[in-house]
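# got a predicted structure plus its sequence, pasted below:
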Amino acid sequence: MKYAAMIPAFVALLANLSARCTVTAFAPPHHINNTNRHPAKPPSFQTKSQYVYRSISLIQQPNSLKISVVATAAYSVQSIPLPTPSILKAILVSIALALLAKFRGRIFYPGSVSDPLHSEPLPPGNMGGCPWLGPISFLANMNKYLSQEATKVHNSQTHDNIMSADEPTRIWKLFTFGKPTAVISGSAKIKQFLNREFKKEGGGVSQMTELGTSGLLTFLFGEESMSGETSDSTKYHSLRNLVGQALTPESVSKGIPFLQICAEEAVDDMLANDTVVMAELLQKLTLDVAWRQIIGLKLNSAEEITKFRSAVKTWSASLTNYPLLFAPLPVWIQKRLSCYKAKMYLNEKIEEKIDELGRDGPDGSTMSAMVFATDEEDGKTKLTRQQVIDNIFLLIFAGAE
């Protein structure tokens with residue numbers, strides 16, 4: 001009797017399923033005629049029995065069972081109500097905010113989260129500032145910013161009883177130039193760190209070769225300078241010895257006449273004006289030393305001198321250009337930037353001078369000493385043309401900044 005009571009419910013369920021089937025979409029034409037097609041809407045309760053019969057007759061036909069089940073499932077899926085666009089947006093925003101809250105350190109300050117594979121603790125300090133860039137005030141006055149941050153870190157450590165008030169903070173961290181950075185202070189600690197320069201695993205040299213976007217230092221300084229050699233310590237030492245020959249007291253003494261001309265012109269500028277902005281005057285002096293002494297150019301007109309100064313300033317300023325530092329610009333865009341054009345102008349001037357030295361011989365400039373320097377051990381090895389160019393850019397930047 002209990003099964004007999006379930007028969008009406010089963011018949012009603014089967015009728016409902018069959019009524020939801022769009023038979024005309026799946027059944028061959030000869031199975032049904034136009035007058036017996038199922039209506040678009042489910043039949044009323046009074047007419048369900050005839051559709052039960054027709055559905056059963058279709059199911060008994062070959063492949064009809066599979067067709068009916070698929071059609072019913074498709075109809076059921078289509079009948080599920082979908083959330084409105086506003087609800088979907090709210091869901092997506094909620095998911096995004098949850099992910100942002102959980103991974104904000106990894107997203108905004110890449111590389112600043114502790115590596116679980118290492119147990120060593122990170123130094124104290126705050127990984128903050130502008131997302132992906134770091135503190136903007138760092139570039140406005142680097143020394144002042146570092147001093148203030150070191151004081152904050154020291155006070156925090158002292159407050160937490162991690163160190164005494166008289167003990168200076170020797171190492172701390174911050175996020176700048178798009179990367180996590182460790183700052184070391186104190187001559188003893190710095191010396192200890194620099195002693196590791198040539199203890200890189202595999203016999204290489206530990207020095208910074210990346211800044212901001214990958215390839216930026218190569219873009220600005222080339223690949224053949226001392227600062228670009230990390231894989232071979234023997235080659236690095238050879239480059240340093242050859243470049244160093246241009247900076248010995250004997251080589252520098254040959255450039256005294258050039259330095260005296262630069263100094264006299266700077267004094268004349270001061271005497272010719274009622275007020276003097278020393279920062280501008282000293283910048284002109286260092287740039288004049290660059291073209292007169294470091295490269296050994298002969299710029300005869302004020303227009304040429306102004307163009308050289310402007311090119312050096314534009315090229316060197318690219319190191320503090322945040323869009324250039326962190327935007328992954330393709331090469332064809334990089335070559336249209338003012339800093340690249342400035343570098344090409346300076347590169348052209350340097351190559352012209354190398355050709356002149358090849359024709360006329362040494363002239364007492366720093367680059368002249370580099371061009372004619374030979375290895376002190378074999379007496380044969382010399383700097384290549386590209387090595388001279390790239391190391392001259394390194395010296396110009398060091399002197400101009």
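Here it is on my side, so go on.
# going by C-alpha atoms from here, please, whenever you check contacts or count neighbours.
Noted.
# and residue 121, helix, strand or coil?
When the structure is split into helix, strand and coil by DSSP: H, G, I helix; E, B strand; the rest coil, residue 121 lands in coil.
# what stretches of the stretch 101-250 of the chain score poorly on pLDDT?
For the stretch 101-250 of the chain, the stretches flagged by pLDDT under 70 are 139, 159-166, 169, 197-203, 208-216.
# would you state the helices of it in chain order?
According to DSSP state H, counting those that start in this stretch, the stretch 101-250 of the chain carries its helices in the segments 137-140, 142-159, 187-194, 216-221, 233-244, 249-253.
# can you pull the contacts of the residue lying closest to residue 126 once chain neighbours are set aside?
Counting by CA to CA, 6 or more residues apart in numbering, residue 126 lies nearest to residue 174, which is 5.6 Å off, once chain neighbours are set aside. Shown here is residue 174, whose contacts under the criterion CA atoms under 8 Å, 6 or more residues apart in numbering are 125, 126, 127, 128, 180, 181, 182, 183.
# go again with 7 Å.
125, 126, 127, 180, 181, 182 (CA atoms under 7 Å, 6 or more residues apart in numbering).
# mind checking which of those residues are buried?
Under a neighbour-count criterion of 16 or more other CA atoms under 10 Å, the subset of those counted as buried comprises 125, 127, 180.
# so which of the residues you listed is the closest to residue 147?
Nearest to residue 147 among the buried ones among the contacts of residue 174 is residue 125, at 12.8 Å by CA to CA.
# for the residue nearest to the closest one when sequence neighbours are not counted, name its beta-bridge partners.
Leaving aside its sequence neighbours, residue 125 sits nearest to residue 173 (CA to CA, 6+ apart; 4.8 Å). Under DSSP bridges, the beta-bridge partners of residue 173 are residue 125, residue 182.
# what separates residue 173 from residue 123, distance-wise?
Distance, residue 173 to residue 123, using CA to CA, to the nearest Å: 6 Å.
# between these two, which is the more surrounded one?
residue 173 (20 against 14; other CA atoms under 10 Å).
# ok, the more buried one - contacts?
If a contact means CA under 7 Å, 6+ apart, then residue 173 has 123, 124, 125, 126, 181, 182, 183 as its contacts.
# what's around the last one, how many residues?
Which is residue 183. Once other CA under 10 Å is used to define contacts, residue 183 is seen to have 15 neighbours.
# my guess is it contacts residue 189. True?
No - with contacts counted by CA atoms under 7 Å, residue 183 stays clear of residue 189, the gap being 10.7 Å.
# ok so, going back, can you tell me which of the buried ones among the contacts of residue 174 is closest to residue 116?
Residue 116 has its nearest neighbour among those in residue 180, at 16.3 Å by CA to CA.
# quick check: closest non-adjacent residue to that closest one.
Sequence neighbours aside, residue 112 is the residue nearest to residue 180 in space, at 5.6 Å (criterion: CA to CA, 6+ apart).
# for residue 133, same thing?
Counting by CA to CA, 6+ apart, the nearest residue to residue 133 once its immediate chain neighbours are dropped is residue 178, at 4.6 Å.
# next one: the one you found relative to residue 125, how far apart?
In this structure, residue 178 lies at 16 Å from residue 125, with CA to CA as the measure.
# kindly report the same for residue 375.
For residue 375, the distance to residue 125 under the criterion CA to CA works out to 45 Å.
# residue 86 now?
Using CA to CA, which is the criterion applied here, residue 86 is 42 Å from residue 125.
# cool, residue 132 as well?
Here the distance between residue 132 and residue 125 works out to 17 Å (CA to CA).
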